[in-house]
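K.L.:
need a 3D model of the following:
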Amino acid sequence: MTEFVTSADGTRIAYQVVGEGPAVVIVDGAICHRAFGPSTGIADQLADGHRAFSYDRRGRGESGPLDGYAAEREIEDLAAIVAVAGGSATLLGLSSGGALALRAAGAGIGVERVAVYEPPFSTSDEQRARFTDYRTDVAQDIAAGERGAAVARFMAFVGMPEPMIDGMRNSPVWPVFESVAPTLVTDTEALDGEGGAPVPTERLAALTVPVLVLDGGLSPEMLRDAARATAAAAAGSEYRTLEGQTHEVAPEVLAPVLAEFVAKG
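P.N.:
Numbering: from 1, shown residues only. Sure thing, here's the model as predicted:
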């Protein structure tokens, strides 16, 4: 059942919660939200033994709009969810949602520990330059009202072949992608896109909560490099590979590993 909480700036944030136990808040990556993405399935897998929260990041699903966006507003959104959870929670950030979760973990909002799955940071000059170009271009697409072009650009950026993108344009799901296309720009901000999405080494080194960094054994090497670099930079972190998994991790594989991390206290 969908419930709502009001963030610090008055924006309504939609969420749902299942299960009982220690609180876990799941932070979706690009384009995803409760109705389209992995968070609801992961929450269901965690419900036996955890109070699992999935929510729509602002500008997505049933949550309020992006007006006046800054990454700090999304941290305030998470603070509101954590408050509903009782004032403390574990965060699980997926893909670019991992970058936001890592920001929030150091913001003093009651994050007890943070786990991230393949945050897509850049680990080379070439990757940083490519991300900077992408950030500029996708922002121009949105400013021009070209939501479809922004979605196609994102898909090409993450490696989807052009014929597959063309096929997606004609699928029933394309309007769903277009409805959240402006959040592609805000996701680049969570990743420090102006600098090319570098690994935020100083921010990670300053974290005082346990950090678990995960990747998939079948994921592209650049995502695995980013995961390893994230783990190396985060104080007191743990790095694990989920064998047989890709960037689209299976909830039934991820959930037991997260449960083990939460149980460590």
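K.L.:
residue boundaries of the strands in the stretch 101-250 of the chain?
P.N.:
111-117, 211-216, 237-242 (DSSP state E, counting those that start in this stretch).
K.L.:
residues contacting the closest residue to residue 226 other than its chain neighbours?
P.N.:
Nearest-residue entry for residue 226: residue 121, 4.4 Å, with adjacent residues in sequence omitted and distances by CB to CB, 6 or more residues apart in numbering. Quick note: C-beta positions are derived from backbone N, CA and C, even for glycine. Going by CB atoms under 8 Å, 6 or more residues apart in numbering, residue 121 touches 99, 191, 197, 198, 199, 200, 226, 229, 230.
K.L.:
buried ones from these, can you make that a PyMOL selection?
P.N.:
Applying 16 or more other CB atoms under 10 Å to the contacts of residue 121 leaves a buried subset, and the PyMOL line that selects it is:
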select buried, resi 99+191+197+198+199+200+226+229+230
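K.L.:
what's the closest of the contacts of residue 121 to residue 42?
P.N.:
Within the contacts of residue 121, the smallest distance to residue 42 is 17.8 Å, found for residue 99 (CB to CB).
K.L.:
for the closest one, give me its contacts.
P.N.:
93, 116, 119, 120, 121, 190, 191, 192, 197, 200.
K.L.:
hang on, it in a helix?
P.N.:
Yes: residue state for residue 99 (DSSP: H, G, I helix; E, B strand; the rest coil) corresponds to a helix.
K.L.:
confidence score at it?
P.N.:
Per-residue confidence (pLDDT) for residue 99: 98.
K.L.:
where does pLDDT dip in the stretch 151-265 of the chain?
P.N.:
By pLDDT under 70, the stretch 151-265 of the chain has no low-scoring segment.
K.L.:
what about 80?
P.N.:
265 (pLDDT under 80).
K.L.:
so which residues of it form helices?
P.N.:
162-169, 174-179, 183-190, 201-205, 221-233, 251-263 (DSSP state H, counting those that start in this stretch).
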